[in-house]
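S.K.: All I have is the shape, not the residue letters:
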C-alpha cells in the first residue's frame, strides 16, 4: 500500500484509454524536464502534410510507460518457468518507458538530423540525453530521498533505468560503464528498447498513436501480443520475450505497419523537403551567431541546463530576434517560405535496385549529388551543385535487409516453455524476399527555376540509366512547367440520345 502522500495518477489517453501511472512516475512527470515534452512534436514536420499529426512526445511517453508496465507485470505473473521479477525491477521498467524520449530535441528526429549535418563526426543519439536528463531529474529533485526512496530505489536502480533506455551496450555512450543483467533476466532489456528483433512497447505505442493521428490503418494487434508474451530461454540459454507460434503473422503485420507508416508518412517527399528547410533554418541561424542560453544549437545537448528547456519554440525565437538582428533574417525568411508553402521543388525519386544498394548507401548525400551532376553538361553540373541537393533514405523492417521476425522466439503449442525461430519459408510464401528499400530523391532550392528543373530531371534520369542500369525510368513524368506548351483538351464524348 503506497503512503498517503504517494498516489497514482490516471490520464485519459485518446489512444490507450485510461492510463494509470505509479507515484514514482508521477513525480518525474511533474518536473520541468518532463513537461518540456509538451513542446516537442512527435512527428516533427509531418504535421505540414497530415494536419492532425500534431501530437507530442509527452503523450507518447505516458503511453510507453503504461504499456511497459502491462508487459512486465504480465511476465511477472509467469509461473513456468518462474522469472522472479522484483517490484523494483517492475518500477524501473516503467520509469525507463516514461523517460526513454526525454532527450529528444526540437521537432524530435529533425534535431538529430541537424546535429549530424553540423557535427558529422559526433556519435550522439537522443537516448544519451534521455539517460542524462533522467539522472539530472533524480538528483535535482532529490527523488532518492523522497518518493523513490520510499519504494526502495537506489542509485543502482537509476543506473539500471538508464541501461534500459539504451537497451544494449552498443547504444550507450562510449564511456559508459555497462553492468547488464544475468542471462535469466536479459529479457527485461527487450521491453522498452529491443535490440534483438525490434519488438518493444515503444513501437506498440507510436505505431498506434501515429496511425491514429495520421488516419492510417493499423493491421497488427499489440494488446494480443502483450497478453500472449512469455519469457523463455533461447538456444544459448539467454531468456527472451517469446510469443505463440500462431501469432507469427501478427508479428509480420507489426513490421508491415512500420513499413507502411514510413512509406506513406514519415518519408513523405513534402515532409522531407520541409525537414531539410527547417534544418537549413537552424544551420543559417547558428552560422549567424545565434545561441540558446549561451550555447550553439548543435552543442546544446552538452549543457543539460540549456537543453532541458529547448523545444520547438526555438523557431519562433529565431523569427522574433530577426526583427532586430539582420544576420538572422535569412533564417527567418526561409522559415516564412515554409509557412507560405514555398517549398523546395521535388525533381524525382528513384528506387535503388537491391544489387546496387550497397554501392549507393556508401555515398554521402553530397557525393550522391556530385555523381548525379556528372550526367549533365558542364554548365548544368555547376548549377546543380549550387542549387540542388540529393537525399537518400531507407525504409526497412528495422533490421537492415534482414528479416527481424527470424530473430523472434515463438513458443510451441505443445510446450510453452520451449521455443524456436520460424524461417519465412515456414510461415508463408507471401513473406517478402527483401526487407529494405533504398530511395534517392533530388530537390531544387528554387522551386520557380523551370530551366534548372529540366536540367536536374534529365541528369537524374541519365544517372538512373548509367549507374543503376535501368532502361525504363522509375521517375514519374513531370508536370508541365510554367509557360510550357500544353496539349489542347480532348473534345467531350458525343452525347447519347
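M.R.: Sure thing, it's come through. Since we're looking at a predicted model, the values are computed, not measured. Numbering: from 1, shown residues only.
S.K.: so how far is residue 309 from residue 325?
M.R.: Residue 325 sits 21 Å away from residue 309 when distances are taken as CB to CB, to the nearest Å. (C-beta placed from N, C-alpha, C; glycine too.)
S.K.: residues in contact with the closest residue in space to residue 136 that isn't next to it in sequence?
M.R.: Nearest residue to residue 136, sequence neighbours excluded (CB to CB, 6 or more residues apart in numbering): residue 304, at 5.3 Å. For residue 304, the contacting residues are 129, 132-133, 136, by CB atoms under 8 Å, 6 or more residues apart in numbering.
S.K.: Surely residue 36 is in a helix?
M.R.: Yes: according to DSSP: H, G, I helix; E, B strand; the rest coil, residue 36 belongs to a helix.
S.K.: Let's verify the closest residue to it other than its chain neighbours: helix, strand, or coil?
M.R.: Using CB to CB, 6+ apart and skipping residues adjacent in sequence, the residue nearest residue 36 is residue 311, 5.9 Å away. Secondary structure state of residue 311, per three-state DSSP, is coil.
S.K.: Wait, residue 311 touches residue 40, no?
M.R.: Yes: with contact defined as CB atoms under 8 Å, residue 311 reaches residue 40; the gap is 6.0 Å.
S.K.: tell me, what's touching the two both at once?
M.R.: Common neighbours of residue 311 and residue 40 (CB under 8 Å, 6+ apart) are residue 106.
S.K.: who has more neighbours, these two?
M.R.: Comparing residue 311 with residue 40 by other CB atoms under 10 Å, the one with more neighbours is residue 40, at 23 against 20.
S.K.: Please determine how far residue 469 is located from residue 353.
M.R.: Taking CB to CB, one finds residue 469 at 7 Å from residue 353.
S.K.: and what of residue 324?
M.R.: 53 Å.
S.K.: out of the two, which sits in the busier spot?
M.R.: Shown here are residue 324 and residue 353; by other CB under 10 Å, residue 353 has more neighbours (14 against 7).
S.K.: quick one: that one from residue 395, how far?
M.R.: From residue 353 over to residue 395 (counting by CB to CB), the distance is 15 Å.
S.K.: residue boundaries of the helices in the stretch 351-497 of the chain?
M.R.: Here the stretch 351-497 of the chain has its helices, by DSSP state H, counting those that start in this stretch, at 357-361, 365-373, 378-387, 424-427, 450-467.
S.K.: Could I get the buried residue list for the one helix or strand residue 58 maps to?
M.R.: Secondary structure assigned from DSSP states H and E places residue 58 in helix 57-76. For helix 57-76, burial by neighbour count (16 or more other CB atoms under 10 Å) applies to 57-72, 75-76.
S.K.: Residue 371: what's it in contact with?
M.R.: So residue 371 contacts 363, 463, 467 (CB under 8 Å, 6+ apart).
S.K.: how near is it to residue 411?
M.R.: Taking CB to CB, one finds residue 371 at 49 Å from residue 411.
S.K.: now residue 31
M.R.: Residue 31 is 40 Å from residue 411, by CB to CB.
S.K.: So these two - more neighbours on which side?
M.R.: residue 411 (21 against 18).
S.K.: which residues touch the residue nearest to the more buried one when sequence neighbours are not counted?
M.R.: Spatial nearest neighbour of residue 411, excluding adjacent residues (CB to CB, 6+ apart): residue 419 at 4.3 Å. When the contact criterion is CB under 8 Å, 6+ apart, the partners of residue 419 are 232, 234, 242, 409-412.
S.K.: Equivalent analysis for residue 463, please.
M.R.: Counted by CB under 8 Å, 6+ apart, residue 463 has contacts 371-372, 374-375.
S.K.: want to throw those residues into a markdown table with distance to residue 282?
M.R.: As requested, the contacts of residue 463 are arranged in a markdown table below (distance: CB to CB, whole Å):
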| residue | distance to residue 282 |
| --- | --- |
| 371 | 27 |
| 372 | 26 |
| 374 | 30 |
| 375 | 32 |
